[in-house]
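Enquirer: Predicted model and sequence below, questions to follow.
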Amino acid sequence: MHALSRSWSSALSATVVAVALAASAVSPAEAAEGGPCGQGGSGSSSGGSSGSSTGSLAGALPWLTGPPDGGVPQLTGKTKAIEMVTGPGSPNNTISRFNVSGTDLGIMWDNGNALGRHDVMMAFGDTVGDCEADGDDWRSNVLFRSSDTVLSDGMRIDSSPLAGPNNSKEIIPGFAIPGEYTTIPTAGIAVNGVQYVRFMSVRSWDTPGNWTTNYSAIAYSTDNGENWTADPATVRANTEGIGIPGIPAVNPANSKFQQSAFVDGKDGFVYEYGTESGRQGTALLARVPAAQIRDLNAYTYWNGSAWVADLAQATPVIGSPVSELAVQWNDYLNKWVAMYTDETNSLVIRQADRLEGPWSGKQTILSGVLVPALYGGFMHPWATGQHLEFVATTWDRYNVIYMRTDLNGLQMRATDQADRPDPATTGDARLLRVEYPDEQ
């Protein structure tokens, strides 16, 4: 724990880059300089990032000078923060059990009873461990598993693929090409007991809210997430000449499918929402016969009225800006629910009767006014009934918070296009205080 009192400024996911840039009031030149764990940090990044997805992003975010604090916001209104899933103050003890002191995202999906186990899989982005270690024990991504069926009081983590005792391993290193800074999961799904993750390869951090990817691709696991293989045949190249043997030709429309959200349509198809790099794009929709999820030639795309084979003809189903999208069926609302971060850095939902839409107007379920620097809302796949459980990240904590929303009164017709006001601006939701681990 002593290392967590230090400032830290790197090894963060592309999503946190964008939010931090947008929220920061100081320029990099004015901010404290830092090593891999921030100002005064002793970790080394001698491995670098060029040519490998396992290099630390040292110095990438020197304006982030606060350590992860584990503070749980105490809120009034329909949405409550229950606990930290990761990092300081988490009852999961992710620091001692998995060497995970800071991470983000937490994309969840049902594992489909793989190997006779019924788990929720949880994929995280860039992860740091011990700041006293060389390179801060940085990994591009890690995975947790949970069989906790009592969703109301938090989420207990059972296991994680390990590289050694008490050390979660990087599950998807990508293809180790030049200019591959990191590889970040964006979607996950199970098909016939096989786990699939769509991930993006980040090439550069750009202006606030924007970054550039080399490609997105699918990795798969046949042993409940323990070991993963990245499939070059699934690469949607976004950059010419990236040097991965056997990948499909670069298609300019690939830029629209660099980040994803998978949905089991329960009709034999896997549906995949696609967004472009960064936080400013629209959402398109593809579908593929589930058994052919690794065959890009089997995908078709919604053009507004029909499914077509040409990705270039796809039209948006959700308007911009859409960021870190998650979609799943909700039995209480009797609607498909899309959750994402909007332009105010708030988590919003939309509702639809069909995956193709139309989608309703926005409803804010967690305001960026009350919980600043917010991003990455991902719904629990086992959520049912009146309450919707999900996770969210803030870049200042750089850890994942478990949240719960009361859906009563949030029913909305898909054809109702009017955005609802942010409850923080109407007084229906307030921040009372932030509860830190040593105050509990």
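Expert: Received it, and whenever you're ready, just let me know what you need.
Enquirer: show me where the stretch 201-350 of the chain has helices.
Expert: In the stretch 201-350 of the chain, no helices are defined using DSSP state H, counting those that start in this stretch.
Enquirer: which stretches of the protein have low pLDDT?
Expert: 1-68, 439-440 (pLDDT under 70).
Enquirer: give me every residue that touches the most centrally placed residue in it.
Expert: Central residue of the chain (Cα atoms, centre = their mean): L105, 3.5 Å from the mean position. Shown in contact with L105 (Cβ atoms under 8 Å, 6 or more residues apart in numbering): S13, T15, A123, F124, G125, I184, P185, E324, G376, F378, T393, V400. C-beta coordinates here come from the backbone N, C-alpha and C atoms, glycine included.
Enquirer: Also T300?
Expert: T300 makes contacts with A286, R287, V288, W307, V308, A309, as judged by Cβ under 8 Å, 6+ apart.
Enquirer: Skipping its backbone neighbours, what lies nearest the last one in space?
Expert: It stands for A309. In space, and not counting its chain neighbours, A309 is closest to T300: 5.7 Å by Cβ to Cβ, 6 or more residues apart in numbering.
Enquirer: Report the separation between the one you found and T275.
Expert: As judged by Cβ to Cβ, to the nearest Å, T300 and T275 stand 18 Å apart.
Enquirer: just V327 next, same as before
Expert: Distance from V327 to T275, by Cβ to Cβ: 12 Å.
Enquirer: I'd guessed P381 sits against D110; true?
Expert: Yes - here P381 reaches D110: they are 4.6 Å apart, a contact under Cβ atoms under 8 Å.
Enquirer: returning to what we had before: which among the contacts of T300 gets closest to T212?
Expert: Taking Cβ to Cβ as the measure, A286 is the one of the contacts of T300 closest to T212, at 21.9 Å.
Enquirer: Please give me every residue in contact with the closest one.
Expert: Residues near A286 by Cβ under 8 Å, 6+ apart: F257, Y271, E272, Y273, G274, Y299, T300, Y301, W302, L311, A314.
Enquirer: That one bridge partners, please.
Expert: E272, Y301 (DSSP bridges).
Enquirer: what about the strands in the stretch 101-250 of the chain?
Expert: In the stretch 101-250 of the chain, the strands defined using DSSP state E, counting those that start in this stretch lie at 105-110, 120-124, 142-146, 162-164, 167-168, 182-191, 194-205, 211-221, 229-237.
Enquirer: what's next to the shortest one, contact-wise?
Expert: Applying Cβ under 8 Å, 6+ apart, the external contacts of strand 167-168 come out as 98-100, 127, 129, 137, 139, 142-144, 160-162.
Enquirer: how does it look with 10 Å?
Expert: With Cβ atoms under 10 Å, 6 or more residues apart in numbering as the test, strand 167-168 has contacts from 94, 97-100, 103, 124, 127, 129-130, 137, 139, 141-144, 159-162.
Enquirer: Which of the contacts of T300 are buried? Put it as a PyMOL command.
Expert: To isolate the buried subset of those in PyMOL, counting by 16 or more other Cβ atoms under 10 Å, use the following:
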select buried, resi 286+287+288
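Enquirer: would TSV of the contacts of T300 with distance to E180 be doable?
Expert: What follows is the contacts of T300, written out as TSV (distance: Cβ to Cβ, whole Å):
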residue	distance to E180
A286	24
R287	29
V288	26
W307	33
V308	32
A309	30
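Enquirer: that older thread, which among the contacts of A286 gets closest to E356?
Expert: Of all the contacts of A286, W302 has the smallest distance to E356: 5.2 Å, by Cβ to Cβ.
Enquirer: So that closest one is in contact with A314, correct?
Expert: Yes - shown here, W302 and A314 form a contact pair, counting by Cβ atoms under 10 Å, at 6.3 Å.
Enquirer: these two touch, right, Q411 and Q351?
Expert: Yes - when contacts are counted by Cβ under 10 Å, Q411 is listed as touching Q351 (8.1 Å).
Enquirer: Overlap in contacts, the two.
Expert: In terms of Cβ under 10 Å, 6+ apart, Q411 and Q351 are both contacted by the residues L333, N334, K335, S360.
Enquirer: that older thread, find residues that contact each of P381 and D110.
Expert: Residues within reach of P381 and of D110 at once, by Cβ under 10 Å, 6+ apart, are V120, M121, G188, I189, A190, D264, Q328.
Enquirer: Tell me who's in contact with the fourth one.
Expert: Taking Cβ under 10 Å, 6+ apart as the contact definition, I189 lies against 109-112, 121, 195-198, 218, 260-264, 270-272, 290, 293, 381.
Enquirer: same thing but 6 Å
Expert: W109, Y196, F262 (Cβ atoms under 6 Å, 6 or more residues apart in numbering).
Enquirer: The fifth one too?
Expert: When contacts are counted by Cβ under 6 Å, 6+ apart, A190 is found next to N111, G112.
Enquirer: if we go to 8 Å?
Expert: W109, D110, N111, G112, A114, M121, Y196 are the contacts of A190 under Cβ under 8 Å, 6+ apart.
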